[in-house]
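In: Got a predicted structure here, sequence first:
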Amino acid sequence: MTSYGSASLRATPDDWLSIGEVSARTGAAVSALRFYEELGLIASDRDHRNQRRYPRHMLRRVALISVAKRIGIPLQDLQEAFADVPLDRPPSHQEWQRASRDWKRRLEERRQTIERLEAELTGCIGCGCLSMKACALLNPGDALAGDGVGPRRL
């Protein structure tokens, strides 16, 4: 990390927020902010007392992380979605749009997967067969047969 106020994160000193201020503004725990930083989802600089300082534009990233967590999106997916969104400066509208399109595509894939699972689960509950041999949801391709007879998932 570079020193507080450096050009690396391109913020004026008035635009820097302490970790406590970011936590208060976003509702994210201080420990969560440190964790997000370890994952490369957000970035900070250090001031002359070696305390973390976040540029104001990190508030948007933390807000998006909070929304994603609330709807069950893994942090690894966010790392991929944010990969092309710069940390060292406020992202341009075009950069956010590109990330948004990518995220929308990922959400659509997730929605389709959930719909398929829902259809399979509804069919499974409806049939009542409880067949570990025939059930495509619990034992696709009868993959458990190679482990021998009897229950394998209980």
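Out: That came in fine, so what should we check first? Numbering: from 1, shown residues only.

In: list the helices and strands the helix or strand of the chain with the lowest mean pLDDT packs on?
Out: In the chain, no helix or strand scores lower on mean pLDDT, DSSP states H and E than helix 93-127, which sits at a mean of 83. Judged by 3 or more Cβ pairs under 8 Å, 6 or more residues apart in numbering; DSSP states H and E, helix 93-127 is in contact with helix 75-81. Using the backbone N, CA and C atoms, a C-beta is placed for each residue, glycine as well.

In: and the helix it packs on, how far from the chain's centre?
Out: Computed by Cα atoms, centre = their mean, to the nearest Å, the chain-centroid distance of helix 75-81 equals 5 Å.

In: which stretch of helix or strand covers the closest residue to Val30 other than its chain neighbours?
Out: Nearest non-adjacent residue to Val30, counting by Cβ to Cβ, 6 or more residues apart in numbering: Ser23, 5.0 Å away. Under the criterion of DSSP states H and E, Ser23 resides in helix 19-26.

In: Could you tell me the average pLDDT over that helix, please?
Out: When pLDDT is averaged along helix 19-26, the result is 95.

In: switch to numbering from 13
Out: Happy to do that; since the first residue is 13 now, the last one works out to helix 31-38.
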